[in-house]
Structures are given as C-alpha cells and as structure tokens.
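Q: Here's my sequence, what's the structure:
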Amino acid sequence: MEKKTIKFRGNLAKLVLAREKDTTWRLFDDKNLSEGDGVDLVNSDTKEKFGKATLIKVWEKKMEELVDSDFDGHEKFESEEEMYKIYRTYYGNKVGSETIVKIIRFKLK
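A: Numbering: from 1, shown residues only. Modelled structure (predicted):
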C-alpha cells in the first residue's frame, strides 16, 4: 500500500515545521485521508519530503459552514472572498460555498 502524502506550498511547509500550522484543509479528497493515518509531508514547490505526521482529527463540512474554531492551527484569510480565490487557485473554479472541505488536524512526528 502506498504511503499517503499531504502536499503544502513552500511558505506553508515552513509554518508546519515551525509548529505554527497543525491544521490543513483538503477539497475533493481522493486519498481518503482518515483519523489515525500516518502521512508524509511534501513541499509541493520542491517535491521534497519535509516531515511525517499523524492525522489526529478529521471532519468535513461545507465551506459556507466554517466557523472560527475550524481555523485553529490554519492560516487565516482577510475575507471569505479571499479564501475562495485562494482555493480556486489550488482546485479550479468549481470551488464555492457548497464545496465540502475536509478539515485535518495533524501532529508532527
């Protein structure tokens, strides 16, 4: 079985390593990321593995239903529009208020 990976842009990888970021959001999860999974963390800019983590909590909700506590350990956005704009750069124009976001809290190994 192939090891699951979670990719982060370089600037976010730095936040993970500094232990300032321990939550990530994934849309259209094709890896079936689940609580208890061990994952490799990869810098998507350099393709290099920069760490390992265990997924300690995973839950899903629509983007329009996100509340302040869903942002704990995650980077903040200036506005809802900025959030959608950033996620559209990652996932394309199909991102909207009804899109399901998988919220993943992890612990570095």
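
Q: got the buried residues for the longest strand anywhere in the chain?
A: Counting by DSSP state E, the longest strand found in the chain is strand 49-62. Across strand 49-62, burial judged by 16 or more other C-beta atoms under 10 Å covers 51, 53, 55, 58. Every residue, glycine included, has its C-beta placed from N, CA and C.

Q: So for the third one, what pLDDT did the model give?
A: Turning to residue 55, the model gives it a pLDDT of 98.

Q: That one and residue 106 touch, don't they?
A: Yes. Residue 55 lies in contact with residue 106 (C-beta atoms under 8 Å); the separation is 5.3 Å.

Q: still on that earlier bit, give the partner strands of the longest strand of the chain in its sheet and their orientations.
A: strand 38-43 (antiparallel), strand 100-108 (antiparallel) (DSSP bridges).

Q: Only the buried residues of the longest one, if you could.
A: Pointing back at strand 100-108 there. Buried-residue list, strand 100-108, by 16+ other C-beta under 10 Å: 101-106.

Q: Tell me which helix or strand the most centrally placed residue in the chain sits in.
A: For the chain, the residue nearest the mean C-alpha position is residue 24 (2.4 Å; C-alpha atoms, centre = their mean). Using DSSP states H and E, residue 24 maps to strand 23-27.

Q: Does anything pack onto the longest helix anywhere in the chain? Which helices or strands?
A: Counting residues, the longest helix found in the chain (DSSP state H) is helix 80-91. If you count contacts as 3 or more C-beta pairs under 8 Å, 6 or more residues apart in numbering; DSSP states H and E, helix 80-91 packs onto strand 23-27.

Q: Give me the contact list for the strand it packs on.
A: Residues outside strand 23-27 that contact it (C-beta atoms under 8 Å, 6 or more residues apart in numbering) are 6, 8, 12, 33, 71-74, 87, 90-91, 95, 99-106.
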